[in-house]
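Colleague: What follows is a predicted protein model with its sequence.
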Amino acid sequence: MSKIILSSRNALEHVHVRQRGSKWSYRFEKAKVDGKRQTVERSGFATREDAQLAGIKAYEDYQHGIRQGNSPDMSFADFLDIWFERTKLDARNNTLELREKNIRLHLKPALGSYRLTSLSPQIIDGFVRQKRQDGYSYETVDRMLSNIKVALDYAIWPMELLKANPAQLIKVPGKNFAELSRRRPRRRIENDELVQLFDHFPFGNTYHMPLALGLYFGTRIGETLGLSWADCDLDARELHIRLQIQRLSMRGHHSLHYLCDLKTESSHRTLAFDSEIVLPLLRRWRQQQRANELAYGEDYFYNYILPAKDYQGRPIQKIVSLEKCYPAPGPRLDLICTQPNGKYIKPCSLSYQCKRIREMGIRDFDFHCLRHTNLTMLGESHASLTEIMTRAGHSDAKSTMTYVDSRLEMQERPVQMITKKLKHIL
């Protein structure tokens, strides 16, 4: 009975125990609702003391506003489920999908069996080091660690299950060692490789336009595929980056593609283009789309925007393709990048072509390499950092500099400048 004596006298006055057959139960009253008494009762305890201890803890948790089941003794796996459900309304769909995958494939298998309160810095540090040794990239493991940190912050507040975050000072090791990463760093695609690329995807090919626009404008894959002719002013030679196409896909749910806002506020930008390369290309492609529509006739597809909801119940603009012979189900989306039959191009289809491009011998290629190439080319041409940031849609220089490779061509202008200053001195 010593444990019971240490508990609140107030709780002992409110918790009642009784025996039913061979088992014991506890019971206490909650606040009245509409003047009616409300009771909590739990049974199945082997002894009177077990029932009384459990009843006292349950009553004190009730008095302090702690929900039953939200015990600090819960497993980390159970806590992750609670955190995921309670915070999903605050997350973008892509973030939510990555979070769900990290929890299911990494956090639960490795850490889920630990009690929430038994997670220590040593355990979490061992987890991130093991993931790096297993070959996962720095960025991938950093996202896992970020999920752990944010989840444990939630355990501190508002759930009040922890006093401190054991992951707070943990860092992912080996950032500067590429051999520990599966994914190679993105790079500038060399000019001879670009020639090879567009020889393989000539004008008229489904993927020629997204590859060409991605290279010239440095746009992200979703931004490129989400460009519509309404965003393109051929007379002013301006392209307005306003929206992007994203895929909504999570385990256990039907996937779809939708039109959504850009990654950041600074991603909204207007990009000028030339009259020698891009203007003729766009006009020629516009004519080709019209020719394709005539060739396919009633079997040509139009793309539409329909109202839908994401997994959190938030409204989104779903993209559907429907043969032109059918009545329009919603506003038409007149996209620049389409298949020959008029359907929109899915990001995953374009990503698969990037795999084929790697098989052609263009190493480490993905669509984002075109963005990396574009920004590095601007650096080679001595564009100012502000100009490069504007084209990229970045709000800070640090993000931009991760895209710009340091190349020998970039030293030409500094060499000329220092030579001019010192030619009469040295």
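Modeller: Alright, I've got the coordinates. Residues are numbered from 1 along each chain as shown.
Colleague: CA atoms for contacts and neighbours, from now on please.
Modeller: Noted.
Colleague: low pLDDT regions in the stretch 101-250 of the chain?
Modeller: Scanning the stretch 101-250 of the chain for pLDDT under 70 picks out 177-185, 250.
Colleague: in it, which spans are strands?
Modeller: 232-233, 238-241, 243-248 (DSSP state E, counting those that start in this stretch).
Colleague: Dump these into JSON lines; add mean neighbour count as well.
Modeller: Converted to JSON lines, the strands of the stretch 101-250 of the chain look like this (neighbours: other C-alpha atoms under 10 Å):
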{"stretch": "strand 232-233", "mean neighbour count": "16"}
{"stretch": "strand 238-241", "mean neighbour count": "18"}
{"stretch": "strand 243-248", "mean neighbour count": "21"}
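Colleague: Please look at residue 214 and residue 225 and confirm they touch.
Modeller: No. Checked against C-alpha atoms under 8 Å, the pair residue 214 and residue 225 is beyond contact range at 9.4 Å.
Colleague: who's more crowded, the two?
Modeller: Applying other C-alpha atoms under 10 Å to residue 214 and residue 225 shows that residue 225 carries more neighbours, namely 27 against 24.
Colleague: what about the closest residue to the more buried one other than its chain neighbours, how many neighbours?
Modeller: Distances taken as C-alpha to C-alpha, 6 or more residues apart in numbering place residue 337 nearest to residue 225, at 5.8 Å, with adjacent residues excluded. A count of nearby residues for residue 337, using other C-alpha under 10 Å, gives 25.
Colleague: Residue 234 and residue 279 touch, don't they?
Modeller: Yes. Between residue 234 and residue 279 a contact is recorded at 6.8 Å, counting by C-alpha under 8 Å.
Colleague: Need the distance between the two termini of stretch 13-27.
Modeller: Using C-alpha to C-alpha, to the nearest Å, the end-to-end distance of stretch 13-27 comes to 11 Å.
Colleague: go on, stretch 126-141?
Modeller: 12 Å.
Colleague: which parts of that stretch are buried?
Modeller: The neighbour-count check on stretch 126-141 (16 or more other C-alpha atoms under 10 Å) flags 127-129, 131-132, 136-138, 140-141 as buried.
Colleague: How about stretch 105-112?
Modeller: 106-108, 111-112.
Colleague: Residue 36: which of these is nearest?
Modeller: Nearest to residue 36 among the buried residues of stretch 105-112: residue 112, at 41.0 Å, using C-alpha to C-alpha.
Colleague: hmm, back to that, distance check, the residue nearest to residue 225 against residue 53.
Modeller: Per C-alpha to C-alpha, residue 337 is found 67 Å from residue 53.
Colleague: could you dump the strands of the stretch 101-250 of the chain to CSV with distance to residue 296?
Modeller: Formatted as CSV, those follow (distance: least, C-alpha to C-alpha, whole Å):
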stretch, distance to residue 296
strand 232-233, 25
strand 238-241, 28
strand 243-248, 25
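Colleague: Which one of those strands lies nearest to residue 305?
Modeller: Once the strands of the stretch 101-250 of the chain are compared by C-alpha to C-alpha, strand 243-248 is nearest, at 11.5 Å.
Colleague: and the next helix-or-strand element following the closest one, C-alpha only, in PDB?
Modeller: For strand 243-248, the following helix or strand on the C-terminal side (DSSP states H and E) is strand 256-261. The C-alpha coordinates for strand 256-261 follow below in PDB (Å, rounded to 0.1, in the frame of the first residue of the first chain):
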ATOM      1  CA  LEU A 256      -4.400  11.800 -58.800                       C
ATOM      2  CA  HIS A 257      -2.700  14.900 -60.200                       C
ATOM      3  CA  TYR A 258      -3.700  18.400 -59.300                       C
ATOM      4  CA  LEU A 259      -2.800  22.000 -60.000                       C
ATOM      5  CA  CYS A 260      -1.500  23.900 -57.000                       C
ATOM      6  CA  ASP A 261       0.500  26.900 -55.800                       C
END
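Colleague: Pull out the buried residues from strand 256-261.
Modeller: By neighbour count on 16+ other C-alpha under 10 Å, the buried set for strand 256-261 is 257-260.
Colleague: returning to what we had before: relative to residue 264, which of the strands of the stretch 101-250 of the chain is closest?
Modeller: Across those, closest to residue 264 is strand 243-248 (C-alpha to C-alpha), at 10.8 Å.
Colleague: Excluding chain neighbours, what is closest to residue 47?
Modeller: The shortest distance from residue 47 to any non-neighbouring residue, by C-alpha to C-alpha, 6+ apart, is to residue 24 (6.1 Å).
Colleague: Quick check: mean pLDDT of the helix or strand where residue 400 lies?
Modeller: Assessed by DSSP H and E, residue 400 sits inside helix 397-401. The pLDDT scores in helix 397-401 average 85.
Colleague: likewise stretch 298-316?
Modeller: Averaging pLDDT along stretch 298-316 gives 92.
Colleague: same question, stretch 331-348
Modeller: Stretch 331-348 carries an average pLDDT of 97.
Colleague: Give me the buried positions along it.
Modeller: Across stretch 331-348, burial judged by 16+ other C-alpha under 10 Å covers 333-347.
Colleague: Export that stretch to CSV, keeping only CA atoms.
Modeller: Extracted C-alpha coordinates of stretch 331-348, given in CSV (Å, rounded to 0.1, in the frame of the first residue of the first chain):
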residue,chain,number,x,y,z
PRO,A,331,-12.8,25.0,-66.9
ARG,A,332,-10.3,23.9,-69.6
LEU,A,333,-6.6,23.9,-68.9
ASP,A,334,-4.7,24.7,-72.1
LEU,A,335,-1.3,23.4,-71.2
ILE,A,336,1.9,24.0,-73.2
CYS,A,337,3.4,20.6,-72.5
THR,A,338,1.1,17.8,-73.7
GLN,A,339,1.2,14.4,-75.3
PRO,A,340,0.5,14.2,-79.0
ASN,A,341,-3.1,13.2,-78.2
GLY,A,342,-3.5,16.3,-76.0
LYS,A,343,-3.3,14.6,-72.6
TYR,A,344,-1.3,16.3,-69.9
ILE,A,345,2.1,14.8,-69.1
LYS,A,346,2.5,13.3,-65.6
PRO,A,347,5.6,14.1,-63.6
CYS,A,348,6.3,10.4,-63.0
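Colleague: Identify all contacting residues around it.
Modeller: Contacts with stretch 331-348, where a contact means C-alpha atoms under 8 Å, 6 or more residues apart in numbering, come from 204, 206, 209-210, 221-222, 224-230, 245-247, 257, 286, 289, 292-293, 296, 299-306, 321.
Colleague: Can I get the buried part of these as one ChimeraX selection?
Modeller: Buried residues among those (16+ other C-alpha under 10 Å), as a ChimeraX selection:
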select :206,209,210,221,222,224,225,226,227,228,229,245,246,247,257,289,292,293,300,301,302,303,304,305,306,321
